[in-house]
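Colleague: coordinates only, sequence not included:
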């Protein structure tokens with residue numbers, strides 16, 4: 001199965017070398033799709049390929065030039081580069097929308113309009129603010 005990712009879209013997915021890369025690939029934003037030369041400017045693709053290849057499915061090219069790379073930003077703000085071959089294609093899920101819950105301490109009811117206006121000015125219109 002071919003991996004199809006688009007720049008600026010948000011995805012959830014799993015990776016093959018789960019024990020090495022972890023499972024924090026939920027709500028990641030694609031920043032760039034790169035060839036090996038571009039990825040090499042930010043990481044050692046050869047070393048990572050050697051480390052991850054034993055976890056990849058049979059038929060995966062045993063050559064870091066054999067696939068592209070994707071630069072992503074995790075929900076925690078960490079920027080990571082992954083080989084496309086390291087992503088389990090069948091687990092890729094495009095995230096179309098989510099709900100964010102935020103708690104802001106040390107505010108009063110008078111702050112609600114300012115907070116709402118700040119969100120609206122930044123393009124967020126589906127807002128529900130309550131005071132606990």
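Modeller: The structure has been received and is ready for your questions. Keep in mind it's a predicted model, so treat the numbers as computed, not measured. Residues are numbered from 1 along each chain as shown.
Colleague: show me what contacts the residue nearest to the spatial centre of the chain?
Modeller: The residue lying closest to the centre of the chain (Cα atoms, centre = their mean) is residue 28, at 1.8 Å. With contacts defined as Cβ atoms under 8 Å, 6 or more residues apart in numbering, the neighbours of residue 28 are 10-13, 72-75, 80. Quick note: C-beta positions are derived from backbone N, CA and C, even for glycine.
Colleague: ranges for the strands of the protein?
Modeller: With DSSP state E, the ranges of strands along the chain come out as 10-12, 28-34, 69-73, 79-83, 93-94.
Colleague: what lines up beside the longest one in the sheet?
Modeller: Right, strand 28-34. strand 10-12 (antiparallel), strand 69-73 (antiparallel) (DSSP bridges).
Colleague: and the shortest one, what's buried?
Modeller: Just to be clear, that refers to strand 10-12. 10-11 (16 or more other Cβ atoms under 10 Å).
Colleague: coming back round to it: and the strands paired with strand 28-34: which comes nearest residue 42?
Modeller: Taking Cβ to Cβ, strand 69-73 is the member of the strands paired with strand 28-34 nearest to residue 42, at 7.6 Å.
Colleague: so how far is the closest one off the chain centroid?
Modeller: How far strand 69-73 lies from its chain's middle: 7 Å, per Cα atoms, centre = their mean, to the nearest Å.
Colleague: what do you get for stretch 43-63?
Modeller: The chain centroid and the centroid of stretch 43-63 are separated by 20 Å under Cα atoms, centre = their mean.
Colleague: quick check: end-to-end length of it?
Modeller: End-to-end distance for stretch 43-63, by Cα to Cα, to the nearest Å: 16 Å.
Colleague: sorry, back to before: distance to residue 50 and pLDDT added to the contacts of residue 28, as CSV?
Modeller: Below are the contacts of residue 28 laid out as CSV (distance: Cβ to Cβ, whole Å; pLDDT from 0 to 100):
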residue, distance to residue 50, pLDDT
10, 30, 94
11, 26, 96
12, 28, 95
13, 23, 95
72, 22, 97
73, 26, 95
74, 24, 92
75, 29, 87
80, 18, 95
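Colleague: now the lowest-mean-pLDDT helix or strand in the chain: buried residues?
Modeller: Every helix and strand of the chain was ranked by mean pLDDT, DSSP states H and E. The lowest is helix 18-21, at a mean of 86. Neighbour-count burial for helix 18-21 flags residue 21 (criterion: 16+ other Cβ under 10 Å).
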